[in-house]
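K.L.:
How does the following fold in three dimensions:
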Amino acid sequence: MGVGLRHPHYRDIAGCPPLSDVSWLEVHPENYFGGGINFKFLEKIRKDYPISFHGVGLSLGAAQPLDEHHLSQLKDLIARIEPFQFSDHASWSASGNAHLNDLLPLSYSAENLDNICRNIDMAQSYLGQNILIENPSTYMSFKDDEMPEWAFLNEIVRRCACHLLLDINNVQVQANNHGFSATDYLDNINYSAVREIHLAGYTEKTIEGQSVFIDTHGEDVHDNVWQLFDYMMARHAPVKTLIEWDNDIPALPTLLSEAAKAQCIIDAHQHKARVEHGTA
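P.N.:
This is a model prediction of the structure:
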């Protein structure tokens, strides 16, 4: 199991022997561009834990090509830290010289499919590796969508030979906000391309009398997200799974407790499979 490495836990993780119940850590690489004290902690921690990079700044879904300076900084950091994988989002955050502090949604059109595939190909060529693409959380949909999100992501995988990071919390957020079946989405996503799963907490708000799920990464994983994770583990082999918590970050034992819940679900389904195949 993995957990997101965030600033409040640097000293806890760097200052003690490796945690037996955490096998890897994930960071946002943009926080380490240019060195500094954060980078020093990461250099120390990487000696004890495999590191995964989860980018938030490439703007893969933008109509424009990727920023080569950003790619250059990313490639340099990869060379220094040697993460075992890199992921980013099926979203956009840059237009011209404007860089927005959010991961904005795409309409699922052929034109946007061409744009994101062009940028993924550029990133994979520049970095010299296949990357993972995460499904987004969104609060609006587009009238000109030409396909469901899962079909958009599956086509990206087919065209770019990249992989998927399946954020199950994001699926639940969107299912609530847009009124579709979360299990239908999960049944149709190309799970053979999934290399990582994220689990996180959302916040529920009532806006103009309607329930809206906000992807805050600031609460415990909700029961309905655990149920979807259980649904997937009952049907598929486990992949690397991460507890992601970015706001109102709790003490480290809370993250470890959430990671233990995920591991229990994985273990239960693996034990059941062994019993059914007579290998338990």
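
K.L.:
which residue ranges form the strands in this structure?
P.N.:
2-4, 24-27, 51-54, 85-89, 92-95, 98-104, 132-134, 163-167, 194-199, 203-207, 210-214, 240-243 (DSSP state E).

K.L.:
could you give the angle of the fourth one to strand 163-167?
P.N.:
Here strand 85-89 runs at an angle of 60 degrees relative to strand 163-167 (axes from the mean of the first three to the mean of the last three CA atoms, to 10 degrees).

K.L.:
Now do the buried residues in stretch 57-68.
P.N.:
57, 58, 59, 60, 61, 62, 63, 66, 67 (16 or more other CB atoms under 10 Å). The C-beta positions use only the backbone N, C-alpha and C, and glycine is treated the same way.

K.L.:
these two touch, right, the fifth one and residue 106?
P.N.:
Yes. Using CB atoms under 8 Å, residue 61 makes contact with residue 106 at a distance of 4.6 Å.

K.L.:
list residues touching both of those two?
P.N.:
Common neighbours of residue 61 and residue 106 (criterion: CB atoms under 8 Å, 6 or more residues apart in numbering): 90, 91, 92, 112, 116.

K.L.:
what about stretch 77-95, distance to the chain center?
P.N.:
Relative to the chain's own centre, stretch 77-95 is displaced by 11 Å; criterion: CA atoms, centre = their mean, to the nearest Å.

K.L.:
quick thing: my sequence starts at 13, can you match it?
P.N.:
Sure thing, new numbering starts at 13, so read that last one as stretch 89-107.

K.L.:
Residue 106 and residue 79 touch, don't they?
P.N.:
Yes. Taking CB under 8 Å as the definition, residue 106 is a contact partner of residue 79 at 6.9 Å.

K.L.:
Touching both of the two, which residues are there?
P.N.:
Shared contacts of residue 106 and residue 79, defined by CB under 8 Å, 6+ apart, comprise residue 71.

K.L.:
and which of the shared contacts of residue 73 and residue 118 is nearest residue 25?
P.N.:
Distances from residue 25 to the shared contacts of residue 73 and residue 118, taken as CB to CB, are shortest for residue 103 (28.8 Å).

K.L.:
Let me see the contact set for the closest one.
P.N.:
71, 72, 73, 115, 116, 117, 118, 148.

K.L.:
Would you convert those residues into TSV that also reports pLDDT and distance to residue 198?
P.N.:
Output for the contacts of residue 103, formatted as TSV (pLDDT from 0 to 100; distance: CB to CB, whole Å):
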residue	pLDDT	distance to residue 198
71	95	27
72	96	22
73	95	22
115	83	21
116	81	24
117	88	20
118	93	20
148	94	16
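
K.L.:
quick one: pLDDT of residue 218?
P.N.:
At residue 218, the pLDDT value in this model is 91.

K.L.:
From the chain's centroid, how far away is stretch 39-55?
P.N.:
The answer for stretch 39-55 is 19 Å, by CA atoms, centre = their mean.

K.L.:
From start to finish, how long is it in a straight line?
P.N.:
This stretch, stretch 39-55, spans 12 Å end to end (CA to CA, to the nearest Å).

K.L.:
ok, and what's touching it?
P.N.:
Counting by CB under 8 Å, 6+ apart, residues outside stretch 39-55 touching it are 16-17, 19, 22-23, 26, 63-69, 85-86, 89-90, 92-93, 95, 98.

K.L.:
Tell me if I'm right that residue 129 and residue 169 touch.
P.N.:
No. Residue 129 lies out of contact with residue 169 (CB under 8 Å); the separation is 10.1 Å.

K.L.:
For the stretch 163-292 of the chain, which segments are assigned as helices?
P.N.:
Remark: helices assigned in the stretch 163-292 of the chain by DSSP state H, counting those that start in this stretch are 180-190, 194-200, 235-245, 264-288.

K.L.:
want to try a markdown table for those, with distance to residue 30, mean neighbour count and mean pLDDT as columns?
P.N.:
As requested, these are exported to a markdown table (distance: least, CB to CB, whole Å; neighbours: other CB atoms under 10 Å; pLDDT from 0 to 100):
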| stretch | distance to residue 30 | mean neighbour count | mean pLDDT |
| --- | --- | --- | --- |
| helix 180-190 | 27 | 22 | 96 |
| helix 194-200 | 33 | 16 | 98 |
| helix 235-245 | 25 | 18 | 98 |
| helix 264-288 | 13 | 15 | 94 |
